[in-house]
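In: Next one to model:
(4 chains)
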Number of protein chains: 2
Amino acid sequence: MKKSNDRQLIKRNIKPTAMRELVLEVLTEEETAISLPELEKRFEKADKATLYRTLKTFEERKLIHSIDDGSGPVKYALCLEKCSCEVEDLHVHFHCTKCNKTYCLHEIPVPSISLPKDFSLESVNMVVQGICANCE
Amino acid sequence: MKKSNDRQLIKRNIKPTAMRELVLEVLTEEETAISLPELEKRFEKADKATLYRTLKTFEERKLIHSIDDGSGPVKYALCLEKCSCEVEDLHVHFHCTKCNKTYCLHEIPVPSISLPKDFSLESVNMVVQGICANCE
DNA sequence: TAAGTAATGCAACCGGGTTGCAAAGATTGG
DNA sequence: CCAATCTTTGCAACCCGGTTGCATTACTTA
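Out: Modelled structure (predicted):
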């Protein structure tokens, strides 16, 4: 368990510390994205700044990606193995307005858009709001 | 000038006060979306809370809509006359990572998405990041 | 093992957003 | 035209997510 997570960390050039293993474990268990404040609640004893920096490190090394679903705090979710966070890896996110959970819809790529003249595309953020299957 | 804006306010059931006329004027002049902090800078003498409530009122009455482009503060832009902020009125937004301006791409509707089973759609937020025509 | 580097914990701060409350302004019924 | 009422404004304070500086601890490696 711990070993397998370590491999993921090492692969992304992240030194596997106890803290990082724990955070990665939570991110792995969780099927929906998690925010810093949520993480703080999970680890009452851990320091906010440490958790914050852990997430930042994970994000920087592309182990996780951030999602701003407009509901407040930014959330984070694991990237797929093959993901390098380029435009072609981008998928749609779903935010449930009832339970406030945010899902990665990995199987739904963001549709391509033709922009007006002289506008160039770097990235796309697409969040669908609605009610999720669990809340129906 | 003032008269024409007043008509817009009255049409949306907003009592036209001096403050509201001024804010609407700025929103009308501006071709890109504007945030509360930006508005505060424009009106040094006006109170933050008043500006805040003005925007909230405008939004509630569907004179403007809010855009969270992920760059920090929420921005606001005028709705089109016919807009009622329903799913079919939704358009793509463009955020320039260079000048930080956010554009309404009224002519580009948000693409429709087929969600997984038992997920229902209420709204969509689609923001394209890139470089705008002015910054090219 | 000592020196150097990286991670952690603590505290404080910042900025956007939001609210309570009192004062000022607009509205309306008598 | 005035009094009572409702609305808007201004001020202050607060909340919360995010972020940083700095000292301490843990780890690495020469």
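
In: what secondary structure does the most centrally placed residue in chain A sit in?
Out: In chain A, the C-alpha nearest the mean C-alpha coordinate belongs to A:Ala77, at 2.1 Å (CA atoms, centre = their mean). Secondary structure, DSSP: H, G, I helix; E, B strand; the rest coil: A:Ala77 is strand.

In: and the gap between it and B:Cys104?
Out: A:Ala77 sits 28 Å away from B:Cys104, going by CB to CB, to the nearest Å. Placement of C-beta: from N, CA and C, glycine included.

In: Say whether chain B is contacted by stretch A:23-36.
Out: No - counting by CB under 8 Å from any CB of the partner chain, chain B is not contacted by stretch A:23-36; separation bottoms out at 12.6 Å.

In: For the residue located most distally from the centre of chain A, which residues are in contact?
Out: Largest separation from the mean C-alpha position in chain A: A:Lys117, at 32.2 Å (CA atoms, centre = their mean). A:Lys117 makes contact with B:Ala133, according to CB atoms under 8 Å, 6 or more residues apart in numbering or on different chains.

In: May I have the secondary structure class of A:Arg53?
Out: helix.

In: ok, how many other residues are close to A:Val127?
Out: Other residues lying near A:Val127 total 21 when counted by other CB atoms under 10 Å in any protein chain shown.

In: Same check on the one 3 residues further on?
Out: Applying other CB under 10 Å, we find 18 residues neighbouring A:Gly130.

In: wait, is it part of a strand?
Out: Yes - applying three-state DSSP, one finds A:Gly130 inside a strand.

In: you'd agree the residue nearest to the centre of chain A is up against A:Glu31?
Out: No - with contact defined as CB atoms under 8 Å, A:Ala77 and A:Glu31 do not form a contacting pair (9.2 Å).

In: can you confirm A:Asp6 is in a helix?
Out: Yes - the assignment for A:Asp6 (three-state DSSP) places it in a helix.

In: gap between the residue nearest to the centre of chain A and B:Ile14?
Out: 40 Å.

In: So A:Gln94, which state does it fall into?
Out: Slight slip there: residue A:94 is Phe, not Gln. A:Phe94 ends up strand, using three-state DSSP.

In: Now for it: which residues touch it?
Out: Counted by CB under 8 Å, 6+ apart, A:Phe94 has contacts A:Thr102, A:Tyr103, A:Leu105, A:Val127, A:Val128, A:Gln129, A:Gly130, A:Cys132, B:Leu115, B:Phe119.
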